Each structure stands twice: as C-alpha cells, then as structure tokens.
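Enquirer: Following is a predicted model, sequence given first.
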Amino acid sequence: VTIPTSVSSIGDEAFYRCSNLTEINYNAAAVADLTRSSNVFYNAGSNSDGIAVIFGESVTSIPAYLFYVNVSSRSYAPNLVNVTIGGNVESIGSYAFRGCSNLAEINYNAAAVADLTSVSDVFYNAGSSSGGSTVIIGESVKSIPAYLFGSANITSVTIGSNVESIGSYAFQNCRGIKEITVPASVTSIGGYAFYGCSGLTEITIPEGVASINAYTFYGCSSLKEIVLPASVTSIGENAFYNCSSLIEIMIPASVTSIGGDAFYNCSSLIEITIPARVTGISSYVFYKCSSLKAVTISEGVKSIGSYAFYWCNGLTEITIPASVTSIGEYAFQGCGGLTNVTIEEGVTSIGRCAFSECTSLTEITIPGSITSIGRNAFQNCSRLTEITIFEGMTTIGDQAFYGCSGLTRITIPDSVTSIGQYAFSRCSSLTEITIPESVTRIDGHAFSDCSSLTELTIPASVTSIRDRAFSYCSGLEKITVAEGNSAYHSDGDCLIET
C-alpha cells in the first residue's frame, strides 16, 4: 500500500483485516489525528511475515492512533515488524504505534521531533512479542524527544553520532536494554531518561555532558559500573536510586553538588569519594548502601545531611574533616560495622540520632568546636567504652548516650551547663562520672539505670535536678553535694532538696 502525499484524512477501519499486507509506504504530509476507536489497520498483516512501514520525506507528522487497535487482544494489532521514520517528521501523535507487539526494528531518522508527554505512549508495549525491538537512531537526528520510547520492549539501541540531546523519559521503563553507548556529540541527558531500565548493565557517558539529572538512572538495578566524565558538575536527586548492582562509580573532581537520594539503596556500592567542590552531602544520598566499606569526605565539604549514610552497615571507619560544621540527624544511624569515627575540630553540632545504633563503635572523641549533641545522638552504641568530650560543649541532649551499656567512664567538660533527660540512662557499666561546676540543670532520668555507679558528687552550681534523675542506680552508695549548693544537700546515699 502506498499512501500519497495528498491524503489529508484516513477513515475508520480503512485497512481492516488486510491480512496479507507486507509493506506500507506512507507519504501523507499531515493527516489529521485519528481516535482511539479508529482501528485503521485492524489485524493487518496477520497472514504475512510482517509489515514494513516507511514514512517518506514528505511526512511532517504521524497522526495519533495510526496503528493502534482498541481491543484487549494483542492478536488483532497490525503485524508491524519494521518501521522507518523519515528525517522531516516533526510530530508523532499519541498511541501511534502502541501495542505493535511484533515490532522488531525501528529506524528513527527524524531530526527534531517535538517533545512528547507522559500520556503519549507512542511505542508503549511495542516489541513485547518479537523478543524485543532494535532501535537505530540515524545520523540526521539532533535530539531524541522526551517520552519517545517509554515502556517499549527494546533490547538494542544504536544512537547516531550527531545526536546532541536525549530527552526526559526517552527510554523510561525499557527493561530489555542491556547496554548503550552515548555518542560524543551528546551534551544533555534529560531527567528520568533511563528510569526503570532494569536490564541495563553498561552505559558510557561522553565528555561534554554537564549534569546527571534527577532520576536519570533510577531503578537501573542491573547497572554495575558507570564512568562519569570530568565535564559533569552536578548529580541530581535520585539519579542512581536503587541501582542495587552498582559496584563502582568515580565522582569526578568537577562535581559541585550531589542531590538527595542520589545513591539511595545502591546496596553493592563498595567505595565512594566526595570531592572537595561538593559543599554539602545531601539527605539520604547513600541511604542503605549496605556494602559501602570506604568513604572519603574531602576537605571542603561543609555539611552532612540527615540520613546521608543511614544503615551503611559495611562501613568500618569514617573521618569527618575540619571543613564540616554540622552532622545531620540520623546521618550514620545503624552503621553497625562502624568501629572508628574521627571528628575533626570544626564541627559545631551533631544532630539527633546521628550515630545511634552504631553497635561496633568503641570510642569517640568529641572536639571542643562542638557546642551541642542532639537527642539520641549515640543511643544504643552498646560497645562504646570511652567518650572524650573537649571544652566547648554547652548542652548534652536528651538520650544522647542512652543505652551505651559498655560505657565505663565519662568526663563532662566545664563548658556544659545542662544534661538532658535520659542522657546517660541505661549506661549500666558506668562506674565513674564527674559533673563539673558549670552544670546548673540535670534533667529527668538523666542517669537512671546506671546500675554500676557507686559514687556521685553534685557540684554547688546545680540548682535543678528533675524527677528520677538517678532512679534505679542500684549500686549507688554515696552521694556528695558540694558545699555552697543552696538547692540540695545529701545524707549518705540520699539526695535531699533543701
């Protein structure tokens, strides 16, 4: 069948059950869009070896629903096996090739088709019965439009050497693609471009690409290794989310920002270096990277976001450089293999639950630059035996060292003015504690269940001891209140409010 240039409309079911059809030469420049019920090529080519469709150079638009059949059974879709799209096509209508399940090859030559939308579904489910489609992007193509091949069963892609941009969602959920070489001409890859390409194992990103945008490789669960060129300056949020097979990625020194969740649940990732130009490690960026053994945070990084290394239980040691000023809440929570943490002078705050459940941590030095330890910061660090806190801290937060059952001694510096509730509760091995003259308030349950504590001295500066601050300290034999304390006095093992 040859459809000439002069055709401006095609009627419903025009080629209904043309079962021996083998070739369609389509030259109509701009046919009006069809409808969901047009069924123009219903069951066409069903008795042939398949239909080859060629869109000629006169064609500027491919109408919506052209080869779509609105029935539940795939067997009534046209038996398209090969499609060639000419270089002058500027627009492709929604559902144009949707459900063409026998499609084996797509030759795409359109220089610059307008971006499609999330409901375009141009090649949705195409190639699902053929063992997968091969896509060849020709040398005339400058850009691959957004959403073009979304949810098609593509197994092979060749991208021509003149392509400059790959649009957002261009290959979304193309689960059969195993490898792609992106040519050197490409400078832009849109967000979500390879989202959900779960079969993708290998991809080459050329020099010239400046950004790995948000969600670009989200859910590429078979991707094992990727090399980012020196031209990349940013990695967007969720860029490699759930790339669970990713073992290695080198982040170039040119990168200045890494978005939140960028490597979330990359559970095979072993090693990572955060370059100096990255000023902040975003929230959730390495969340549950359970195989991560080595992390290098370069001098220049200023903050570690909340949940940044949450449950990275393969991590054994970490050095936080002097350039970092804050450690966010839950930043290292559940890093059960972490034995050594070095916090350099410069950090001013440790957030809530920052190191909680780090059950292998044995000692920690808190520099004088830190003024506050957040709530639950070291909760249930059960092997922590020694804490050194330097002068500078003013507040020990609620439950900061709750359940640190291996802790035997702690010296609180003269700068601390308050000890939060449950701060040292259930530190059952704690035998000795020195409370400095600077402390004015000890909150409720601060030292409850410290069953190994035998002696306690309350300095003259303390004016407020809240309920049950020393409850269940079953080994406590002697309490001494310093002379000059106007709020309390002691009698043997009793603390009495004056």
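Expert: That came through fine.
Enquirer: use CA for all of it now, contacts and neighbours both
Expert: Will do.
Enquirer: For S38, which non-adjacent residue is spatially closest?
Expert: Taking Cα to Cα, 6 or more residues apart in numbering, and ignoring the residues beside it in sequence, S38 has D12 as its nearest neighbour in space, at 4.4 Å.
Enquirer: Next one: that neighbour relative to P78, how far apart?
Expert: According to Cα to Cα, to the nearest Å, D12 and P78 sit 14 Å apart.
Enquirer: These two - which one has more neighbours?
Expert: P78 (32 against 15; other Cα atoms under 10 Å).
Enquirer: from memory that one sits against C100, does it?
Expert: Yes: the criterion here is Cα atoms under 8 Å, and P78 meets it with C100 at 6.5 Å.
Enquirer: So for the two, which residues contact both of them?
Expert: With contacts defined as Cα atoms under 8 Å, 6 or more residues apart in numbering, the residues shared by P78 and C100 are 67-68.
Enquirer: in the stretch 301-450 of the chain, which ranges drop under the pLDDT threshold?
Expert: Applying pLDDT under 70 to the stretch 301-450 of the chain flags no residue at all.
Enquirer: Where do the strands of it begin and end?
Expert: For the stretch 301-450 of the chain, the strands defined by DSSP state E, counting those that start in this stretch occupy 303-304, 317-320, 326-327, 340-343, 349-350, 363-366, 372-373, 386-389, 395-396, 409-411, 418-419, 432-434, 441-442.
Enquirer: Make JSON lines out of these and add mean neighbour count.
Expert: What follows is these, written out as JSON lines (neighbours: other Cα atoms under 10 Å):
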{"stretch": "strand 303-304", "mean neighbour count": "23"}
{"stretch": "strand 317-320", "mean neighbour count": "18"}
{"stretch": "strand 326-327", "mean neighbour count": "23"}
{"stretch": "strand 340-343", "mean neighbour count": "17"}
{"stretch": "strand 349-350", "mean neighbour count": "22"}
{"stretch": "strand 363-366", "mean neighbour count": "18"}
{"stretch": "strand 372-373", "mean neighbour count": "22"}
{"stretch": "strand 386-389", "mean neighbour count": "17"}
{"stretch": "strand 395-396", "mean neighbour count": "21"}
{"stretch": "strand 409-411", "mean neighbour count": "17"}
{"stretch": "strand 418-419", "mean neighbour count": "22"}
{"stretch": "strand 432-434", "mean neighbour count": "15"}
{"stretch": "strand 441-442", "mean neighbour count": "21"}
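Enquirer: Redo the ones you listed as CSV? Include distance to I159.
Expert: Formatted as CSV, those follow (distance: least, Cα to Cα, whole Å):
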stretch, distance to I159
strand 303-304, 39
strand 317-320, 42
strand 326-327, 44
strand 340-343, 47
strand 349-350, 48
strand 363-366, 53
strand 372-373, 53
strand 386-389, 58
strand 395-396, 59
strand 409-411, 63
strand 418-419, 63
strand 432-434, 68
strand 441-442, 68
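Enquirer: Which among those strands is found nearest to N27?
Expert: With distances scored as Cα to Cα, the stretch of the strands of the stretch 301-450 of the chain nearest to N27 is strand 303-304 (58.8 Å).
Enquirer: where's the residue nearest the centre of the chain relative to I350, distance?
Expert: For the chain, the residue nearest the mean C-alpha position is D261 (2.6 Å; Cα atoms, centre = their mean). To I350, D261 is 21 Å away according to Cα to Cα.
Enquirer: cool, P78 as well?
Expert: Going from P78 to I350 by Cα to Cα gives 63 Å.
Enquirer: now do E497
Expert: 34 Å.
Enquirer: Enumerate every residue touching I389.
Expert: Contacts for I389 (Cα under 8 Å, 6+ apart) come out as 365-368, 411-413.
Enquirer: Pairing partners for it in the sheet, please.
Expert: Counting by DSSP bridges, I389 is bridged to I366.
Enquirer: Quick check: closest non-adjacent residue to the residue nearest to the centre of the chain.
Expert: Leaving out its chain neighbours, the residue that sits closest to D261 by Cα to Cα, 6+ apart is V285, at 4.1 Å.
Enquirer: residues touching the one you found, list them.
Expert: Contacts of V285 by Cα under 8 Å, 6+ apart are 258-264, 307-309.
Enquirer: so what's it scoring on pLDDT?
Expert: In this model, V285 is scored at 98, pLDDT.
Enquirer: give me phi/psi at S143?
Expert: Backbone geometry at S143, expressed as degrees, to the nearest 10, gives phi -140, psi 140.
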